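K.L.:
Quick check, what structure comes out for this input:
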Amino acid sequence: MTAAPKCEVQFDATRNLIRMRYNGHVSAAEMKPYADEVRRHLPKLRKGFTVLTDLSGLDSMELDCATELTRFMDEFRAKGVGTVVRIVPDPAKDIGFNILSIVHYQRGVRIATCQTAEEAERRL
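P.N.:
Residues are numbered from 1 along each chain as shown. All right, here's what the predicted structure looks like:
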């Protein structure tokens, strides 16, 4: 059985949506190719796009990943993100997203935290 990739990204231009998924223990080195893929596809999204971040498979994330995560947030803000939906089944796995959001997203960005994928899909 093949393990899930540590970081996954999917773009849905029709729905103006980017899905980001983290699995297992994520290192900063593992985020690099993932970050490059996000930046390659970001221009395809229109102002008001939605970011869905799924932490349901995450065990832990290295502190050094915060640099890339905050870059994502700043780039999303600059591109005009409208909504951020996070799947966080265990509040202990939030890994600081709520605090980072206060600093890196502006007012007007709707943020929702859900416990399940089904709940998150209803918010999209």
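K.L.:
Mind listing what's buried along stretch 16-26?
P.N.:
Of the residues in stretch 16-26, 16-24, 26 count as buried by neighbour count, 16 or more other C-beta atoms under 10 Å. Backbone N, C-alpha and C define where each C-beta goes, glycine included.
K.L.:
taking these one by one, which sit in helices?
P.N.:
Among the buried residues of stretch 16-26, no member is found in helices (DSSP state H).
K.L.:
for these, which one is nearest residue 87?
P.N.:
The shortest approach to residue 87 among the buried residues of stretch 16-26 belongs to residue 21, at 8.7 Å (C-beta to C-beta).
K.L.:
distance of that closest one from residue 103?
P.N.:
The spacing between residue 21 and residue 103, counted by C-beta to C-beta, to the nearest Å, is 23 Å.
K.L.:
swap in residue 11?
P.N.:
For residue 11, the distance to residue 103 (C-beta to C-beta) stands at 25 Å.
K.L.:
more neighbours, the two?
P.N.:
Between residue 11 and residue 103, counting by other C-beta atoms under 10 Å, residue 11 is the more crowded of the two (18 against 9).
K.L.:
Flag every buried residue along the one helix or strand that one maps to.
P.N.:
According to DSSP states H and E, residue 11 maps onto strand 7-12. Across strand 7-12, burial judged by 16+ other C-beta under 10 Å covers 7, 9, 11.
K.L.:
what pairs with it, and is each one parallel or antiparallel?
P.N.:
Using DSSP bridges, the neighbouring strands of strand 7-12 in the sheet come out as strand 17-26 (antiparallel).
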